[in-house]
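Undergrad: Below is the structure, and that's it, no one-letter string:
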């Protein structure tokens, strides 16, 4: 009995969430079809692999951002964290730690820096936007100290494995989304939405708000650092400033995906979809032969359109 | 729009056909027996489609460079050598630039001209393009990989060294100087600074009081210099390493009512005008904007079967008190916040290619 009601409640919630995303789904699908028409090679394994590789790091940082925005936070340290992940990978993998050790170092750095940021935000009750802004300066500085200019080493086999002519990046993305689904089923995962939607209510219902915050910051740092590792593998080296544009793009992707700034509103699939739109848009405009100036304008119009369409649809539905 | 899509369909078919024979192609180029330029397989026929993968189109230097590229393409179109120019702007994002170059490979352009957003990040996608027989000409900000047709640049270390040498000479080998650098973590800015170091080391009486890092723009440079002027009463010279940094510094000295000191710089119109107006002791060199036009020219020459050098070092044009007037005489033809570059023509390009 309880099982039946909870599963119908689950479906109702999912339906409501998906409805908000309908406009975005339509726009993204339209762009994907247009892209396939303009460049049929995307349907081959090689073409699909290359496209998804270019999208993958943006998808990861969009998730990293959405994770925090869902519980009412935000981070401005995504870009520097990506740079640091790339730098750590490129400086450790050639050394005594080896490739696997380097991977662990990147993951540990992401988790620890994220958790430390989360602890400052949660325990000292400081605004996330200020703490992560300060954090972004520190992390950028550390990345520049570790690797003052582009360089370092990433083993060729790792580059080929992650960013060769196979859709490994896409499979990893599917895997990570699967893990997110499982995480959401745990009390801690549920707490992320609860803490963002109604922190006081969540606290009174026994959700460990502080712990939820610290965990989500840690996971967000992990995702951003892993995006950096992927970028290092994709490019075959480290670059201390390569991540910078990811900060703004991660926020754009999450907002496009319907994730609200006030927490509790939005979905991970929305954020990933938003990042896909940002990525496919670049390729479509290239194949349409848009001059760069028109691309700036078109990009803005598409983003506004993708946000406005579901809003207008919603209004039209309520008026009817 | 339609004219752009049709060649893509045609080129797709060519791509598929090429894929069938790819194995044989790879085998022949791997042997390295042919004398052709890097990446060139000789299977591409004029008129060519050129891709211009820019990292960031907003700075004036970039706009002027793009101007020389489109002018050159127009010339080559008249000669029946080029049919199309595809321009992308990665908006400063190296990751986006990778995506753009991948799209150019997908669209099977014949040549890619590129300023790299990162010295390493593009290596893999560029070597992919090279494997497809696309002529790659890389200028200004260079990539690490050698799987390109040609790299074209001035020598950044020489830039820094020559600037430092002039300043040391002006100061008679003794004095306190401030070094103004471009942004941190950028190869060009790093290389210019490194090039200056041996000269500074050799002159122990030259003391570097402090250094700045800022974007190559007037406003941040002026801001940085203004705060340094408050902190340092005695400054004998400014070693400014590029862009509009020097103009910012001169303006800061001026606003503070301080006497101008010898200063190095680049061919920014604003700096050259201040140089004359304030009667500065100045020295400038440049990263010529026509490197863009020259890169397109080189790519087409390589596609036409000419052997081009793998690395083309373009000598630094120097502006000093004797030649600054001749640059200012042409100032009207350049944007107010732009760079007055030296003259260029086909004869100069051919001479540089014959190195």
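TA: Alright, I've got the coordinates. Owing to the predicted nature of the structure, the values given are computational and were not obtained by experimental measurement.

Undergrad: Where does pLDDT dip in the stretch 1-150 of chain A?
TA: Within the stretch 1-150 of chain A, the stretches with pLDDT under 70 are A:1-5.

Undergrad: Try it again at 90.
TA: A:1-27, A:41-42, A:46, A:71-73, A:94-98, A:148-150 (pLDDT under 90).

Undergrad: do the stretch 1-150 of chain B as well
TA: For the stretch 1-150 of chain B (pLDDT under 90), the answer is B:1-46, B:56-61, B:91-93, B:117-121, B:141-142, B:144.

Undergrad: try 50
TA: B:1-34 (pLDDT under 50).

Undergrad: Up against chain A, what does it have?
TA: B:1, B:4-5, B:8, B:12, B:15, B:54, B:57, B:86-89, B:91-96, B:98-100, B:102-104, B:106-107, B:118-124, B:144 (Cβ under 8 Å from any Cβ of the partner chain). Backbone N, C-alpha and C define where each C-beta goes, glycine included.

Undergrad: where along the chain do the helices fall?
TA: Reading this off chain A. Assigned by DSSP state H, chain A shows helices spanning A:2-38, A:45-70, A:78-92, A:98-123, A:128-146, A:156-163, A:168-185, A:187-197, A:199-204, A:209-235, A:246-256, A:268-287, A:292-319.

Undergrad: not quite, I wanted chain B
TA: Under DSSP H, chain B gives helices at B:2-20, B:22-31, B:60-78, B:94-106, B:123-131, B:156-170, B:187-202, B:218-231, B:245-255, B:269-277, B:291-303, B:324-329, B:346-353.

Undergrad: Nearest to residue A:56 among those helices would be which one?
TA: Closest approach to residue A:56 among the helices of chain B (Cβ to Cβ): helix B:94-106, 10.3 Å.

Undergrad: what comes into contact with that closest one?
TA: With contact meaning Cβ atoms under 8 Å, 6 or more residues apart in numbering or on different chains, helix B:94-106 is reached by A:39, A:41-42, A:47, A:50-51, A:54, A:57-58, A:231, A:234-235, A:239, A:242, A:245-246, A:279, A:282-283, A:286-287, B:51, B:53, B:55, B:86, B:88, B:90, B:112, B:114, B:116-118, B:121-122, B:125-126, B:128-129, B:132, B:134.

Undergrad: that older thread, out of the helices of chain B, which gets nearest to residue A:222?
TA: The minimum distance between residue A:222 and the helices of chain B falls on helix B:94-106, with 19.6 Å, by Cβ to Cβ.

Undergrad: Name all residues that make contact with residue B:122.
TA: When contacts are counted by Cβ under 8 Å, 6+ apart, residue B:122 touches A:235, B:94, B:97, B:98, B:101, B:114, B:116, B:143, B:145.

Undergrad: ok, back up a step: now restrict the residues of the stretch 1-150 of chain B next to chain A to buried residues only.
TA: Among the residues of the stretch 1-150 of chain B next to chain A, those classed as buried by 16 or more other Cβ atoms under 10 Å in any protein chain shown are B:4, B:8, B:12, B:15, B:54, B:57, B:86-89, B:91-96, B:98-100, B:102-104, B:106-107, B:118-124, B:144.

Undergrad: Would you mind confirming that residue B:52 is in contact with residue B:111?
TA: No. With contact defined as Cβ atoms under 8 Å, residue B:52 does not reach residue B:111; the gap is 9.3 Å.

Undergrad: hmm, who's touching stretch A:135-142?
TA: In contact with stretch A:135-142 (Cβ under 8 Å, 6+ apart) are residues A:75-77, A:79-81, A:83-84, A:113, A:117, A:240-241, A:247.

Undergrad: Just name the most buried of the helices of chain B.
TA: helix B:291-303 (a mean of 26; mean count of other Cβ atoms under 10 Å in any protein chain shown).
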